[in-house]
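Chemist: Need coordinates for the below:
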Amino acid sequence: MDEDSKLSFFFLGLGLGVAAGVLFAPKSGAETRDFLLSKAAESADLAKSRAQELREQANETIVRGKSTVQRHKESLSAAVDAGRQAYRDTVSQPIPE
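Modeler: Numbering: from 1, shown residues only. Predicted coordinates:
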């Protein structure tokens, strides 16, 4: 069974479980709705805070990545300049007879 199929069955089972729970809940309809609304609000708050954390982590990773690229760029540029100078020094020497 592939991962997409497993995920689909998971969400199908989750939906059926929620539906069965609502239908057979021992609380009144108003209490059940209030409970579901409060849980939905909690889930939304959790999702928002997690999204903010992920944005912050992504920004930190981007900053570190830019810094690393800049360091490597400077190092590579220095190596290329040294190679060019070595080539010029070699080419400018007279050919021994």
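Chemist: The helix or strand that contains Glu56: how far from the chain's middle?
Modeler: Glu56 belongs to helix 29-92 when assigned by DSSP states H and E. Taking Cα atoms, centre = their mean, to the nearest Å, one finds helix 29-92 lying 8 Å from the centre of the chain it belongs to.
Chemist: tell me what it is packed against?
Modeler: Packed against helix 29-92 by the contact rule (3 or more Cβ pairs under 8 Å, 6 or more residues apart in numbering; DSSP states H and E) you find no helix or strand. Yep, even glycine has a C-beta here, placed from its N, CA and C like the rest.
Chemist: please redo it, this time with the cut-off set to 10 Å
Modeler: Where contact means 3 or more Cβ pairs under 10 Å, 6 or more residues apart in numbering; DSSP states H and E, helix 29-92 is packed against helix 3-23.
Chemist: how many neighbours does Val22 have?
Modeler: A count of nearby residues for Val22, using other Cβ atoms under 10 Å, gives 14.
Chemist: hang on, I meant Ala40
Modeler: 10.
Chemist: now do Thr32
Modeler: Other residues lying near Thr32 total 15 when counted by other Cβ under 10 Å.
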